[in-house]
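got a predicted model here, sequence first, then my questions.
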Amino acid sequence: MAYIPKSLVFHFLLRLPVKSLARFQCIDKEWLSLISDPHFIYTHLKRAQTANDFRLLLSFISHGNVSTTIKFITINEYGLAGSDYSVHINSDSYRVLPSCNGLVCFYGVKGRIYICNPAIRNMVKLPGDDAKGSILLSCGFGFDPQACRYKVIRMSDSGPFKAPGDSKMDIFTMGTCSWRNVKYDERFRFLNRQPPVHASGFFYWITANNGSKGYMIASFDIGNETFEAIPPPKSLSGKNWPMFCLGELGGDLALIDMDFASEGKRRMDLWLLKEASGDENKKTWVKESIIHPSQPLDATRPEALDHGGSKVLLHGFIRGSDAFLNWYNLGTGSFRRFEIQEITSPFFHVGAHVESLAQLDG
């Protein structure tokens with residue numbers, strides 16, 4: 001057999017999908033070593049993130065007598081299903097978080113937290129769910145781009161008889177075996193069970209301001225594990241903040257303003273926190289608006305951008321349409337149904353996804 005330089009093999013394998021690479025690990029020890037190498041995994045991931053290969057991940061939760069099943073399905077830009085993967089876990093009320101570099105975190109109120117990679121069909125359960133009487137309020141999953149490590153943050157309390165201020169926040173670094181306490185800034189009062197939004201190495205929450213009336217956005221740097229307050233757009237002063245929520249679109253934090261009752265709720269504004277031109281350390285808010293000509297949008301939420309960033313995927317109900325997913329073109333202001341045959345129920349989570357070889361070392 002002719003000799004093929006290792007560098008050529010490396011660049012050839014970078015162009016293959018995850019499913020093929022998972023099979024090719026069985027060819028010989030050299031290919032197994034190359035494909036499982038952290039540098040190759042990271043390079044393959046970055047190439048997939050910049051390629052024109054739009055994918056969604058749908059997750060469906062079903063409950064049995066003694067267990068819960070979560071099914072993951074990948075969807076391409078044409079609405080065609082790709083790989084699917086199901087996990088069967090202890091019965092609980094679970095929440096699935098958005099995909100992060102191909103990994104998905106989901107958690108239950110009883111404290112169980114799982115991380116899985118649907119592409120390579122692997123899953124781990126994190127330690128630390130044995131605190132009796134403790135209730136898991138929310139959980140976040142994100143990536144530290146400086147150290148190339150994944151972290152999970154959780155907020156919990158000791159149940160209905162807890163003392164004031166007894167809620168606590170802990171963080172877990174994948175690859176370690178224990179949780180560490182996080183002391184959060186006393187300016188922030190976390191409001192409910194909404195998990196933080198992860199975007200570009202930070203967690204974000206909408207919080208009440210303990211020092212005065214009103215609301216603010218709290219950010220948590222996943223790398224150095226510090227909190228900061230993010231000023232919202234000045235034009236939102238005086239608006240009804242309970243009508244706001246946070247999301248992630250195209251890698252940017254999105255502040256979603258649904259406070260348009262005077263316009264029949266036919267509008268939502270998306271404020272994207274982007275790097276300022278010429279200064280990567282400075283952020284600025286950029287506004288995009290979604291306006292329906294006749295129907296309210298308050299039962300929908302933006303979940304993803306297409307690869308070019310010109311269309312927003314809305315998940316939810318729009319009166320007069322039986323589609324659960326609709327594309328909105330930011331340039332033309334038009335709506336288009338996104339039909340997926342596998343959808344038989346409106347109750348699912350959907351978000352942008354990239355398949356990766358990321359290993360689970362929880």
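The structure has been received and is ready for your questions.

and what about residue 20, helix, strand or coil?
helix (DSSP: H, G, I helix; E, B strand; the rest coil).

okay, now it: neighbour count?
10 (other C-beta atoms under 10 Å). Every C-beta, even on glycine, is put in place using the N, C-alpha and C of the backbone.

from residue 330, how far out is it?
35 Å (C-beta to C-beta, to the nearest Å).

before we move on, what about residue 115?
For residue 115 relative to residue 330 (C-beta to C-beta), the value is 33 Å.

can you check residue 271 too?
14 Å.

neighbour count winner among those two?
residue 271 (21 against 16).

my read: the more buried one touches residue 285, true?
Yes. Residue 271 lies in contact with residue 285 (C-beta atoms under 8 Å); the separation is 4.9 Å.

do a quick rundown of the strands in the stretch 251-362 of the chain.
In the stretch 251-362 of the chain, the strands defined using DSSP state E, counting those that start in this stretch lie at 252-257, 267-276, 279-291, 300-305, 311-316, 325-329, 335-337, 349-352.

the stretch 51-200 of the chain: strands as residue ranges?
Under DSSP E, counting those that start in this stretch, the stretch 51-200 of the chain gives strands at 55-63, 67-76, 81-90, 94-96, 104-108, 113-117, 122-125, 135-144, 149-157, 168-173, 180-182, 188-190, 197-199.

so which of the ones you listed is nearest residue 29?
Proximity to residue 29 (C-beta to C-beta) singles out strand 122-125 among the strands of the stretch 51-200 of the chain, at 20.3 Å.

which residues touch residue 44?
Counting by C-beta atoms under 8 Å, 6 or more residues apart in numbering, residue 44 touches 13-14, 18, 21, 356-357.

swap the cut-off to 10 Å and go again
10, 13-18, 21, 35, 102, 355-358 (C-beta atoms under 10 Å, 6 or more residues apart in numbering).

which of those residues sit farthest apart?
10 and 102, at 19.7 Å, using C-beta to C-beta across those.

neighbour count: these two, which is higher?
Comparing residue 10 with residue 102 by other C-beta under 10 Å, the one with more neighbours is residue 102, at 24 against 16.

give me the nearest residue to the more buried one, chain neighbours excluded.
residue 356 (3.0 Å; C-beta to C-beta, 6 or more residues apart in numbering).

where does the stretch 1-150 of the chain have low pLDDT?
In the predicted model, the stretch 1-150 of the chain carries pLDDT under 70 at residues 1-3, 129-133.

repeat that with 80
1-6, 52-53, 83, 129-134 (pLDDT under 80).

same question for the stretch 151-300 of the chain.
Checking the stretch 151-300 of the chain against pLDDT under 80 turns up 157-167, 184-186, 191-193, 209-214, 276-281.

quick one, what contacts the nearest residue to residue 296 once chain neighbours are set aside?
The shortest distance from residue 296 to any non-neighbouring residue, by C-beta to C-beta, 6+ apart, is to residue 265 (3.7 Å). Contact analysis of residue 265 by C-beta under 10 Å, 6+ apart lists 243, 258-259, 292, 295-299.

what's the answer for residue 50, then?
307, 354.

burial measure for residue 7, as a count.
8.

give me the most central residue, this structure.
Residue closest to the average C-alpha location in the chain (C-alpha atoms, centre = their mean): residue 98, at 2.5 Å.

quick check: it vs residue 141, distance?
Taking C-beta to C-beta as the measure, residue 98 and residue 141 are separated by 8 Å.

who touches both of the two?
104-105, 195, 198.

who wins on neighbours among these?
Most surrounded of the shared contacts of residue 98 and residue 141: other C-beta under 10 Å gives residue 104, at 25 neighbours.

picking up where we left off before, residue 58 is nearest to which of the strands of the stretch 251-362 of the chain?
Across these, closest to residue 58 is strand 349-352 (C-beta to C-beta), at 5.2 Å.

relative to that closest one, what are the paired strands and their orientations?
strand 55-63 (antiparallel) (DSSP bridges).

show the backbone phi and psi for residue 31.
When quoted as degrees, to the nearest 10, the phi and psi of residue 31 stand at phi -70, psi -40.

might you report the residue contacts of it?
9, 13, 21, 24-25.

now the two most distant members of these.
Greatest spatial distance among the contacts of residue 31 (C-beta to C-beta): 9 and 25, at 13.1 Å.

shared neighbours of those two, which are they?
31, 34-35.

need those residues in TSV with distance to residue 150, can you?
Formatted as TSV, the shared contacts of residue 9 and residue 25 follow (distance: C-beta to C-beta, whole Å):
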residue	distance to residue 150
31	25
34	22
35	20
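
between those residues, which sits nearest residue 309?
Using C-beta to C-beta, those come closest to residue 309 at residue 35, 31.3 Å.

burial of that closest one, as a residue count?
Residue 35, neighbours per other C-beta under 10 Å, totals 21.

pretty sure it contacts residue 12?
No. Here residue 35 does not reach residue 12: they are 11.6 Å apart, not a contact under C-beta atoms under 10 Å.

re the thing from before, got any residues that touch both of residue 271 and residue 285?
Contacts common to residue 271 and residue 285, judged by C-beta under 10 Å, 6+ apart, are 232-233, 235-236, 253, 255.
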